[in-house]
Structures are given as structure tokens and as C-alpha cells.
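Novice: Turn this into a model:
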Amino acid sequence: MRIGLIVNPMAGEGIATNAEVARQAVIALSPQELLVGEGEMGADGLQDLPLAVQIHPVVRARGRERTLHLAERFARQGVDLLAVVGGDGTLADVALIVVRDGLDVPVLGIGVGSINAGSLITCQKSEVHRLATASLYQEKVDCLLAGCNGQLLGVGFNDCVLSHTVVATVDGQVVDVAVAEKIKGRNIPGQPGPVWTQNTVVRKKSAGGEKVVAQGDQVGTVVVGFAEDRFYAKAVAGPICLTSLLGLPAGCLVCSEPLVRTQADSWELIQREPVTSRYVSLDEGEQILVEALCPGTALCADGNPLKILSEGDVVEIGVKRRAVTAMRLGESANQRINESANQRIGNRQSPGARGSRPWPSWGDSRAMIHESFRRPSLACAGRRWR
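Specialist: All right, here's what the predicted structure looks like:
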């Protein structure tokens, strides 16, 4: 198996932690060949591992440009899997190459970022050891398409937001950082604020025409996200529970106040209440169009500022079903043995539990990359790893 490994050294707790997580992942996955970025983009943590490693130079840039460069390069070389150590934004950047170029390369995401809420996350950094024993299976996931002035700029697997700040980790603390600095690769604290001007208009475009969703000071922020199943029984979530009921993939919420933030003051909230919102569903083939935003607002996908907008820009956000193949953790061999024993003595699982039917694995699929329980081990410094 050939794996392309991409590490975001700036995500979460930073370079040292992410290099160690990447090392553990490589040991667990035991690829026959590994493609990796130079230095802090992956190679630094793998120097003494006994496997074939191709180290690729990275472009002279900061932030997401390095991730995009490596993802495109590895995909062109026909890797079997793109393994990513980073947060939601890093994974979204890798997936942009997959979606843009119409590829079907599976993505395995190890969450080391500030949020790690997107559907491309295979496991958190604390679970990376499970990659050695669990069966891995593939799942097609939907994505959001974020563009401006007719150009696709990024994809999202959690949300797309119009805002002045995004969430990042600074000195071990999750804080709001300014989009103008984040887009340059720097995490500088910033202050959330409304994105509207008197001419701001949010519209939904579909086969039946266009309708105005919100305008002017109704547009404190715009969030486009997925209608997850859990919203169905949560009427307090508002109209998104109906979107979930109907099986539509996404929706757009326009709120009078900024919503994506790490801190809030209760007195300030009380003074601003009632907070109002307007909502529309979003299906494949439809678009959310936003124009005449406050200069300095950014179009963001999964915490990535994609573009700092001017008042003349028109933002376009859509959704694509089954866009990317994500890897999922199944059961380990020990878990299956224990479950089988429990069933023999009459134990029953709760209704709806995923264990009520066998989970598919790479080994069970025609799209098999390798057999889950026949991976070669890496011997390192006299110690055998699994």
C-alpha cells in the first residue's frame, strides 16, 4: 500500500505533538511505501523508521498552500490513501484536490486541531493506536462547495461561514483569531463582528428561481452546514429539524449576531436579545448567494479563511452528495471476539446499535487496499510494533 502523508505542523498543540501523532499513525498503518512532505510537514518525525519513504519538497509558502501542493502531488502519483494529521481545515484542503480533480482517493483524517468536528475525521489523536488493530472501512460523505465570483475556492465537511474570525489554538487555548492574519498562516486573536452592510443580500437559487433569505442588518453572520440526523428530534433547533426529516443534506442559517465564537458575555447576550435567524434548506443543485458584504469579511470553510471579501464579491455556496471517500474505524479483532461471546450467552445490544450487523472492512470490499489483519509490522530499535 502506498500512502501519502500530510501533517499540519500548526494545528492544535503544534509541531512536536503532531509529528509524534504522525509517527504513531505510520507505525500502525505499516505502508509498503510512504510519500511525505519535507521537514515539519511530515518527514521530521519519521527519520528512523525502516520503510521506503519519498520525501517531497514543499512550496515556499505558509498556511494552506503547502497542504494543497502536497495533496495534489501525492494524488497525481497514484497513492492508495491520503493520511492527514491536522484539523478540519487541513482535511478540507486535501479534499478540495480530490473534489476538484474528480478523484476517488480515500482520505484518513487524524484530528489534532481545535475543533475536529468534520465528517472526514477518522479518529482523534488519542485514538491513533486503534489504526493498528481495527478494521477500516470506506464511507462516501457529502461536502459543501464554497466559491466566489464563479470560482471554487474550497470545500467543507462541517460548515461554511462568513465571518471576521475563525477558531484556532493559541498557546494551548482555543480562541477567536482574525481571518486577515489566519489566511497568511498566523494565529492572531481577533474580535467577532457582524458582516452586513445596508446593501447586503442573501439569496437562495434553485431550479424554481431565486428567493431572498435575508438582507441588511438581518445578516450578522451566515452559516451553511449539514442537517444531521440528530436534529430530527430536536425541535428547538428550528427549521433544520424539518430539513433532517426530509432527508435533505444541508441548510443555511442567517443570524442577526455572530455565532462562531469561543467566548460570549451573558450580559451582552441579554442586551441583544431577541436574537433572530432566518433559515432555508439546501439540496444538491441549489446555491446560497451572498453579496455586498462588509469589507474584510472572509469566506471560510471548516475554519479555513478562503478569501477576504470586498463589497463587490458574490459568494456562492452549494452542496455535493457522496463527494469524498472517508475512512472509518470499525471493530478490532478482540471486540468482535467479545461481542460473539456475549451473543452466545444471550446478551443483546440496544436497538439501533451499529453492532447489530457486521461492519464492512477494507478486507471485505472490492475496493480493498490491503487486508486489515495481515499488515506487516515495523521493527524499530529492536522492538516489534503492531
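Novice: rest of the way, CA atoms for contacts and neighbours
Specialist: Fine.
Novice: Surely L152 is within a helix?
Specialist: No. Using DSSP: H, G, I helix; E, B strand; the rest coil, the secondary structure at L152 is strand, not a helix.
Novice: isn't it right up against V99?
Specialist: No. Between L152 and V99 there is no contact under CA atoms under 8 Å: 10.2 Å.
Novice: out of these two, which sits in the busier spot?
Specialist: Neighbour count, other CA atoms under 10 Å: between L152 and V99, V99 has more, with 18 against 15.
Novice: my read: that one touches R321, true?
Specialist: No. The criterion here is CA under 8 Å, and V99 misses it with R321 at 11.2 Å.
Novice: and this structure, what are its domains?
Specialist: 2-142+323-331+359-384, 146-322 (automatic domain parsing).
Novice: Quick one: the ones you listed as CSV, columns for mean pLDDT too.
Specialist: Output for the domains of the chain, formatted as CSV (pLDDT from 0 to 100):
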stretch, mean pLDDT
domain 2-142+323-331+359-384, 82
domain 146-322, 93
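Novice: any idea which helix is longest in the chain?
Specialist: The single longest helix within the chain, with elements called by DSSP state H, is helix 15-29.
Novice: Using PDB, write out every CA atom in that one.
Specialist: What follows is helix 15-29, C-alpha atoms only, in PDB (Å, rounded to 0.1, in the frame of the first residue of the first chain):
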ATOM      1  CA  ILE A  15       4.800  20.700  15.700                       C
ATOM      2  CA  ALA A  16       6.100  18.300  18.300                       C
ATOM      3  CA  THR A  17       2.700  16.700  19.200                       C
ATOM      4  CA  ASN A  18       1.700  16.400  15.500                       C
ATOM      5  CA  ALA A  19       5.000  14.800  14.500                       C
ATOM      6  CA  GLU A  20       4.600  12.200  17.200                       C
ATOM      7  CA  VAL A  21       0.900  11.500  16.200                       C
ATOM      8  CA  ALA A  22       2.100  11.100  12.500                       C
ATOM      9  CA  ARG A  23       4.800   8.700  13.600                       C
ATOM     10  CA  GLN A  24       2.300   6.600  15.600                       C
ATOM     11  CA  ALA A  25      -0.100   6.500  12.600                       C
ATOM     12  CA  VAL A  26       2.600   5.300  10.200                       C
ATOM     13  CA  ILE A  27       3.700   2.600  12.600                       C
ATOM     14  CA  ALA A  28       0.100   1.500  12.900                       C
ATOM     15  CA  LEU A  29      -0.700   1.500   9.200                       C
END
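Novice: by contact count, what packs against the next helix or strand after it?
Specialist: Along the chain past helix 15-29, the next helix or strand (assigned with DSSP states H and E) turns out to be strand 33-37. With contacts defined as 3 or more CA pairs under 8 Å, 6 or more residues apart in numbering; DSSP states H and E, strand 33-37 has these neighbours: strand 2-7, strand 52-56.
Novice: And those: which comes nearest K140?
Specialist: Among those, strand 2-7 comes nearest to K140, with 19.3 Å by CA to CA.
Novice: How far off centre is the closest one?
Specialist: A distance of 17 Å separates the centroid of the chain from that of strand 2-7, by CA atoms, centre = their mean, to the nearest Å.
Novice: ok, it: who's next to it in the sheet?
Specialist: Sheet pairing for strand 2-7, assigned by DSSP bridges, gives strand 33-37 (parallel), strand 81-86 (parallel).
Novice: So what touches that strand?
Specialist: 18-19, 22, 31-37, 40-42, 67, 70-71, 74-75, 79-86 (CA atoms under 8 Å, 6 or more residues apart in numbering).
Novice: again, only this time at 6 Å
Specialist: Contacts with strand 2-7, where a contact means CA atoms under 6 Å, 6 or more residues apart in numbering, come from 33-36, 41-42, 74, 79-85.
Novice: what does stretch 188-205 give?
Specialist: By CA under 6 Å, 6+ apart, stretch 188-205 touches 164-165, 176-178, 210-217, 219-221, 258, 286-294.
Novice: Can you list which of those are found in strands?
Specialist: The strands, defined by DSSP state E, take in 165, 176-178, 210-215, 221, 287-291 from the contacts of stretch 188-205.
Novice: Buried ones among those?
Specialist: With neighbours counted using 16 or more other CA atoms under 10 Å, these contain these buried positions: 165, 176-178, 213-215, 221, 287-291.
Novice: what is L253 paired to in the beta sheet?
Specialist: V223, Y279.
Novice: what's the spacing between it and V222?
Specialist: 6 Å (CA to CA, to the nearest Å).
Novice: These two: who's more crowded?
Specialist: Per other CA under 10 Å, whichever of L253 and V222 has more neighbours is V222, with 29 against 20.
Novice: Helices of the stretch 201-350 of the chain, start to end?
Specialist: With DSSP state H, counting those that start in this stretch as the criterion, the stretch 201-350 of the chain has helices at 240-245, 266-272, 333-344.
Novice: Please verify my assumption that A83 contacts P106.
Specialist: No. Using CA atoms under 6 Å as the test, A83 is too far from P106 to be in contact (8.6 Å).
Novice: Now do the strand with the most length in the chain against strand 287-291, angle only.
Specialist: In the chain, taking DSSP E as the definition, the longest strand is strand 314-332. Strand 314-332 and strand 287-291 are oriented at 140 degrees to each other (axes from the mean of the first three to the mean of the last three CA atoms, to 10 degrees).
Novice: what about strand 314-332, distance to the chain center?
Specialist: 8 Å.
Novice: could you say what helices and strands that strand packs with?
Specialist: strand 134-148, strand 287-291 (3 or more CA pairs under 6 Å, 6 or more residues apart in numbering; DSSP states H and E).
Novice: If we use 7 Å, what do you get?
Specialist: Packing contacts for strand 314-332, counted by 3 or more CA pairs under 7 Å, 6 or more residues apart in numbering; DSSP states H and E, involve strand 107-111, strand 121-124, strand 134-148, strand 287-291.
Novice: how about these in JSON lines, adding distance to V314?
Specialist: JSON lines is the format used below for the helices and strands packed on strand 314-332 (distance: least, CA to CA, whole Å):
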{"stretch": "strand 107-111", "distance to V314": "31"}
{"stretch": "strand 121-124", "distance to V314": "30"}
{"stretch": "strand 134-148", "distance to V314": "6"}
{"stretch": "strand 287-291", "distance to V314": "5"}
